[in-house]
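S.K.: Structure of the sequence below:
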Amino acid sequence: MKIAVSGKGGVGKTTISAFLIQVLADRGRQVLAVDADPSPHLARALGFPQAKNIRPIVEMRDLIQERSERCGSFYRLNPKVSDLPGRFMVQRGNIKLMVLGAVQQGGAGCACADNAVLRALLNTLLLSPNEDIVLDMEAGVEHLGRGTIASVDHLLIVIQPYRGSLETANKIQTLGRDLKIDHLEVVANQIQGHKDLDYIEKYLKVKPIGIFFASDEVREAERAGTPIYDSSSRLTKSAQELLTVLEHTK
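M.R.: Numbers count the residues shown, from 1 in each chain. Below is the predicted model of the structure:
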């Protein structure tokens, strides 16, 4: 199963991703976790040793230059990346992690060349036939515009009960349908009660397939810089229930 986790910045994509990854791993599955956020924190959320020392691929300027062969505004559209997972992937138990990062700024030629390398690497990772994949995407909708996740089985749109989050969710739904992604599902995070859920359903006209309630334990784990996946049994149960739904969605 290939799951991409998207949404507006700050809605909790990394939190949801971490719980899904750990629940899959606890079921004995081989899991590939991909962090494609410009500010990657998935390694820390999952409790990888020396997480702060894991360098995102996008920051390896010499490597990006070598593979893109960028010269001014010219660059390779299909750079060689097949050897990079073996060189830069890290592992904890049955979870493998690849930290890509994402392009945050730069001139058009530079940004396009960098994205060509990241896109090729992401496509290579998504071809893995023997692992479940959870992809923690960058915020917003720009990655959908590039069409980089058209091959996923599920696009989860993480939302919180406020208007800006729901407006971004609407845009992601529209672009996801344009990419013909079969399963676009909404996952609600930081829910306080039925009033929040009623507001979400009224605005989006859909019910979330997963609900993650506000958690003081996760907040404290995040502040302390400790793994969040084992901080809340309630959210672990929410992730288990969400995965069950996804497994039965055809």
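S.K.: For the residue lying closest to S151 once chain neighbours are set aside, give me the pLDDT.
M.R.: Nearest residue to S151, sequence neighbours excluded (Cβ to Cβ, 6 or more residues apart in numbering): L126, at 5.3 Å. Just so you know, the C-beta spots here come from the backbone N, C-alpha and C atoms, and that holds for glycine as well. Reported pLDDT at L126 in the predicted model: 87.
S.K.: before we move on, what about L77?
M.R.: Residue-level confidence at L77 comes out at 80, pLDDT.
S.K.: ok, now V58?
M.R.: Per-residue pLDDT puts V58 at 89.
S.K.: List the residues that contact the nearest residue to it once chain neighbours are set aside.
M.R.: Nearest residue to V58, sequence neighbours excluded (Cβ to Cβ, 6+ apart): G101, at 3.7 Å. The contact partners of G101, by Cβ atoms under 8 Å, 6 or more residues apart in numbering, come to D35, A36, D37, P38, P40, P56, I57, V58, E59, L118.
S.K.: Could you point out the longest strand of the chain?
M.R.: In the chain, ranked by residue count with DSSP state E as the criterion, the top strand is strand 184-191.
S.K.: If you count neighbours, what's buried in the lowest-mean-pLDDT helix or strand in the chain?
M.R.: Across the helices and strands of the chain, mean confidence by mean pLDDT, DSSP states H and E is lowest for helix 142-145: a mean of 70. Counting neighbours by 16 or more other Cβ atoms under 10 Å, one finds that the buried residues in helix 142-145 are H143, L144.
S.K.: Direction included, what does the very next helix or strand once past it pair against?
M.R.: Note on helix 142-145: by DSSP states H and E, the next helix or strand toward the C-terminus is strand 154-159. As defined by DSSP bridges, the strand partners of strand 154-159 come to strand 2-7 (parallel), strand 184-191 (parallel).
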